[in-house]
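Q: sequence and predicted structure below; questions after.
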Amino acid sequence: MDLQNQQRVKDIAEKFGAENVVVILGSSDAEGAEIYAETVTAGDPTYAGPLAGVSLGLPVYHIFDPEIKAEADPAQWEEQVSMMEMVLDPEALSEAVRKIRETHSKHTL
């Protein structure tokens, strides 16, 4: 996650409260999704950005998580997400984020 996005997430969590923020990732690879999820829950693992050493504990999900898909408008899902759902591995992406969420998130949906 780049430094600007880390700062945006930090600012939003401070403004609205971590209990009122949910992060939804759209990463196309499980390793990247895991790193991004760790960054917004436990802090930047590279210790390079605004979230270095900052444990926000935000609830984090992948767009393919069943809880998120269930909330999406079916027509918009079909138009915006379904193609990627067919070419990526939704289960692996959701699982990578779920593991981090269950380990580090302090808040839930």
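A: Received the coordinates, thanks. Numbering: from 1, shown residues only.
Q: distance of the residue sitting furthest away from the middle of the chain relative to Asp65?
A: No residue in the chain sits farther from the centre than Ala75, which is 22.7 Å out by Cα atoms, centre = their mean. The spacing between Ala75 and Asp65, counted by Cβ to Cβ, to the nearest Å, is 20 Å. Any C-beta I mention is one placed from the backbone N, CA and C, and that applies to glycine too.
Q: could you do Ala13 as well?
A: Ala13 is 20 Å from Asp65, by Cβ to Cβ.
Q: now do Gly32
A: With Cβ to Cβ as the criterion, Gly32 and Asp65 are 16 Å apart.
Q: with neighbour numbers in mind, choose between those two.
A: Asp65 (21 against 14; other Cβ atoms under 10 Å).
Q: excluding chain neighbours, what is closest to that one?
A: Ser94 (4.8 Å; Cβ to Cβ, 6 or more residues apart in numbering).
Q: C-alpha coordinates for the helix or strand where Lys15 lies, PDB please?
A: Using DSSP states H and E, Lys15 sits within helix 3-16. The C-alpha trace of helix 3-16 is given here as PDB (Å, rounded to 0.1, in the frame of the first residue of the first chain):
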ATOM      1  CA  LEU A   3       2.300   6.000   1.500                       C
ATOM      2  CA  GLN A   4      -0.600   8.300   0.300                       C
ATOM      3  CA  ASN A   5      -3.200   5.600   0.800                       C
ATOM      4  CA  GLN A   6      -1.800   4.700   4.200                       C
ATOM      5  CA  GLN A   7      -2.200   8.300   5.200                       C
ATOM      6  CA  ARG A   8      -5.700   8.400   3.800                       C
ATOM      7  CA  VAL A   9      -6.700   5.300   5.800                       C
ATOM      8  CA  LYS A  10      -5.100   6.700   9.000                       C
ATOM      9  CA  ASP A  11      -6.800  10.100   8.600                       C
ATOM     10  CA  ILE A  12     -10.200   8.500   8.000                       C
ATOM     11  CA  ALA A  13      -9.800   6.100  11.000                       C
ATOM     12  CA  GLU A  14      -8.900   9.100  13.100                       C
ATOM     13  CA  LYS A  15     -11.700  11.300  11.800                       C
ATOM     14  CA  PHE A  16     -14.600   8.700  12.000                       C
END
